[in-house]
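Colleague: sharing a model that was predicted from the sequence below.
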Amino acid sequence: MKLYIRATGNISPQKTFGHPAFLTQPVEHFGNRLNAVEPDYKSFIDVKQIRRMSRIIKMGVAAAMECLQEAGVEIPGAIVTGTAYGCLEDTGIFLTKIVEQHEELLAPTAFIQSTHNTVGAQIALLLHCNGYNNVFVHRGFSFESAMLDAMLLLKEGETDNVLVGGLDEITGISHAILTRFGLYKREPVANFDLFTRSSKGTIAGEGAAFFLLASQSSLNDYAQLDGLTSFYKPADIKETENHILSFLSIQSILPAEIDLVITGRNGNVKDDRVYDSLEQSVFKHIDSVNYKQLCGEYPTSVSFALWLAANILKSGTVPAILGYSGNKGNEIKKILIYHQAQNIHHSLLLISAC
């Protein structure tokens with residue numbers, strides 16, 4: 001059964017909201033943290049409600065609303081979200097007040113809004129959507145799990161469209177903790193120089209990307225969703241290669257039939273060794289580009305990669321900022337997204353032009 005990406009909505013560290021020209025004016029950041037370029041939320045959310053929402057809730061709701069607006073759908077058949085961190089800002093506020101107020105006289109609002117299902121629930125409340133609503137908190141597989149659930153709903157005929165999204169935020173508290181764990185670079189770096197300096201760690205990112213998946217095609221679809229899979233903690237690079245080849249075999253295509261690979265390379269020397277090895281084997285004769293210099297590293301960043309791939313297929317162009325060096329005369333019809341996080345969570349997503 002073929003599934004289709006009908007519409008998108010994306011808030012990221014780049015100018016992606018509102019469907020501007022496709023990454024023609026990339027935003028450069030300097031440091032080790034890429035904050036989202038937030039829009040004016042008033043056109044999507046009531047002013048009184050905006051004041052009560054944290055950043056990630058506003059980002060998720062606005063991205064979802066833009067997606068539905070583009071698709072011309074008032075109420076989706078289902079809402080599925082994926083997030084690893086949830087609402088970190090509200091979590092930090094609540095935990096800080098526990099300490100400062102000695103666990104006494106605590107306002108419950110921050111705790112209520114800190115749960116991982118807050119964004120999906122808020123979207124449903126605003127839309128008066130009483131259908132299926134689920135959230136996946138699966139660390140590096142959170143967005144992939146949400147996508148898989150959406151695909152199953154469509155293939156089982158439960159509905160004919162699903163609003164699915166991936167979102168995570170970075171806050172001062174979480175950034176400090178993860179930097180201490182060695183996830184991010186200690187020294188400041190320009191995001192567009194991420195792959196020119198070999199060092200430990202990467203740069204933090206955040207974002208909220210939503211997609212309307214449909215079981216029936218339309219004239220304005222972005223791309224066709226062919227398949228998705230994930231695998232956990234491969235023993236070595238050979239096992240990783242076997243997983244990739246097996247996935248492609250199930251999709252009845254050869255590596256040579258893929259026009260472009262979008263990888264999750266993040267500038268961390270240790271993490272990027274996997275990509276280096278694959279580019280000498282399975283991906284040796286395939287053009288590849290990276291995307292985390294645009295959005296940074298966060299558990300659901302694959303949602304940004306899917307947005308990027310869908311727009312490449314719909315527009316027929318690869319943004320210059322990606323440094324694409326392939327044959328400009330060849331039309332890109334099939335894109336494989338391959339992502340791995342710390343060589344633990346690996347995922348593959350294949351999409352093609354409609």
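Modeller: Ah, there it is.

Colleague: who touches Phe289 in this structure?
Modeller: If you look again at residue 289, you'll see it is Val, not Phe. Leu260, Val261, Ile262, Thr263, Val318, Leu322, Gly323, Tyr324 (CB atoms under 8 Å, 6 or more residues apart in numbering). Using the backbone N, CA and C atoms, a C-beta is placed for each residue, glycine as well.

Colleague: which ones among the residues you listed map onto strands?
Modeller: Leu260, Val261, Ile262, Thr263 (DSSP state E).

Colleague: I'd like the residues you listed as a markdown table, with pLDDT, neighbour count and distance to Ala110 appended.
Modeller: Below are the ones in strands among the contacts of Val289 laid out as a markdown table (pLDDT from 0 to 100; neighbours: other CB atoms under 10 Å; distance: CB to CB, whole Å):
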| residue | pLDDT | neighbour count | distance to Ala110 |
| --- | --- | --- | --- |
| Leu260 | 97 | 22 | 43 |
| Val261 | 97 | 23 | 42 |
| Ile262 | 98 | 24 | 37 |
| Thr263 | 98 | 22 | 38 |
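
Colleague: please identify which of these is nearest to Ala214.
Modeller: Proximity of the ones in strands among the contacts of Val289 to Ala214 (CB to CB) peaks at Ile262, which lies at 22.5 Å.

Colleague: specify the beta-bridge partners of that closest one.
Modeller: Assessed by DSSP bridges, Ile262 has beta-bridge partners Val289, Ile337.

Colleague: next one: it from Gly323, what distance?
Modeller: 12 Å (CB to CB, to the nearest Å).

Colleague: likewise Leu126?
Modeller: Taking CB to CB, one finds Leu126 at 40 Å from Gly323.

Colleague: quick one: which of these two has more around it?
Modeller: Using other CB atoms under 10 Å as the criterion, Leu126 and Gly323 rank with Leu126 on top: 15 against 12.

Colleague: quick one, phi psi at the residue lying closest to the more buried one once chain neighbours are set aside?
Modeller: Closest residue in space to Leu126, ignoring its immediate chain neighbours: Val61 at 6.6 Å, by CB to CB, 6 or more residues apart in numbering. Per-residue torsions, Val61: phi -60, psi -50 (degrees, to the nearest 10).

Colleague: tell me who's in contact with Val61.
Modeller: Val61 is in contact with Tyr41, Phe44, Ile45, Met53, Val119, Gln122, Ile123, Leu126, counting by CB under 8 Å, 6+ apart.

Colleague: and it, how close does it get to Thr300?
Modeller: 16 Å.

Colleague: so how far is Thr83 from the residue nearest the centre of the chain?
Modeller: In the chain, the residue lying closest to the centroid (CA atoms, centre = their mean) is Ser303, at 2.0 Å. In this view, Ser303 and Thr83 are 10 Å apart by CB to CB.

Colleague: do the same with Asp259
Modeller: Where Thr83 is concerned, Asp259 sits at a distance of 31 Å (CB to CB).

Colleague: of the two, who's got more company?
Modeller: Counted by other CB under 10 Å, Asp259 and Thr83 do not tie: Thr83 has more neighbours, with 31 against 20.

Colleague: doesn't Val137 make contact with the more buried one?
Modeller: Yes. Between Thr83 and Val137 a contact is recorded at 6.4 Å, counting by CB atoms under 8 Å.

Colleague: which residues do those two both contact?
Modeller: Contacts common to Thr83 and Val137, judged by CB under 8 Å, 6+ apart, are His116.

Colleague: and this protein, what are its domain boundaries?
Modeller: Structurally, the chain divides into domains by automatic domain parsing as follows: 3-214, 226-352.

Colleague: Glu66 in helix, strand or coil?
Modeller: Classification of Glu66 by DSSP: H, G, I helix; E, B strand; the rest coil places it in helix.

Colleague: near Ser252, how many other residues are there?
Modeller: 9.

Colleague: give me the phi and psi for it.
Modeller: phi 60, psi 40.
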